[in-house]
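Engineer: The following comprises the amino acid sequence and a computationally predicted model.
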Amino acid sequence: MDSRARGVSLAELLVVLGIISLLTVVSFPVVDTAGAEASQFNMIMMRSLGLARRQAVGGGERVTLCASDDGRSCLRDWVGNVSILVFTDRNRDHRLDDGDLLHHSQRLVLRQGRGYWRGSLGRRYMRFRVDGSAVEYGRYTYCPHSGDSRHFRQLVVNRVGRAYRHHDGGGKRDDCG
């Protein structure tokens, strides 16, 4: 019996390694970065809205919430690296100044989409009264750059200051214009 007949050829070895590689790639789930970013947007905004409302009620002062790219001024539309600020605006100039009290700052990185705040009176911020109601009410919207409606998110803040998910994927995208 020839000892070379029992071995594995290089071609056979390459075919087996190719099949193993293909099965490995197929078995790992595809990472959906746009979906993850949309979910992160929802989570951070819901947490920040709840914190701002609780702080207004517990602290007995109006509390402002807004997105900022410089850590001071408020934005209506945002993309890239922003901070969600929750603060007591003691001088009522609708920006975070040295005399104001910062309660919370949360970093939000948006690479796959944009964030929008559409509130009453066209303001760039929203505020909570000491009874927990909203001075400005409206909606926070996440619009994916891809246009994929599965990643569209919208949070509505009503007059009494409660936030709820209006659309969580597959909703209307009127606000993404």
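Structural biologist: Looks like it came in fine. Residues are numbered from 1 along each chain as shown.

Engineer: switch to C-alpha atoms for all contacts and neighbour counts from now on
Structural biologist: Fine.

Engineer: quick one: least confident helix or strand in this protein?
Structural biologist: The weakest-scoring helix or strand in the chain, judged by mean pLDDT, DSSP states H and E, is strand 163-168 (a mean of 78).

Engineer: need the next SSE after the lengthiest helix in the chain, C-terminal direction.
Structural biologist: Identified as the longest helix of the chain according to DSSP state H is helix 33-59. The helix or strand immediately downstream of helix 33-59 is strand 63-68, counting by DSSP states H and E.

Engineer: From the contact counts, what lies against the helix or strand following that next one?
Structural biologist: Next in sequence after strand 63-68, counting helices and strands by DSSP H and E, comes strand 77-88. If contacts are counted by 3 or more C-alpha pairs under 8 Å, 6 or more residues apart in numbering; DSSP states H and E, strand 77-88 sits against helix 33-59, strand 63-68, strand 101-119.

Engineer: most packed of the ones you listed?
Structural biologist: Counting by mean count of other C-alpha atoms under 10 Å, strand 63-68 has the highest mean neighbour count of those, with a mean of 28.

Engineer: Return the distance of that strand from the chain's centre.
Structural biologist: How far strand 63-68 lies from its chain's middle: 15 Å, per C-alpha atoms, centre = their mean, to the nearest Å.

Engineer: Can you name every helix or strand that it contacts?
Structural biologist: Using 3+ C-alpha pairs under 8 Å, 6+ apart as the contact criterion, the elements in contact with strand 63-68 are helix 33-59, strand 77-88, strand 126-128.

Engineer: So what's the model's average confidence on it?
Structural biologist: What strand 63-68 shows for mean pLDDT is 96.

Engineer: Low-confidence ranges, the chain, go.
Structural biologist: Residue ranges of the chain with pLDDT under 70: 1-5, 26-32, 167-175, 177.

Engineer: got a list of what the residue nearest to the spatial centre of it touches?
Structural biologist: The chain has F41 as the residue nearest its centroid, 1.2 Å off, counting by C-alpha atoms, centre = their mean. Contacts here follow C-alpha atoms under 8 Å, 6 or more residues apart in numbering; on that basis F41 touches 108, 142.

Engineer: The one 10 residues further on too?
Structural biologist: L51 sits next to V86 when contact means C-alpha under 8 Å, 6+ apart.
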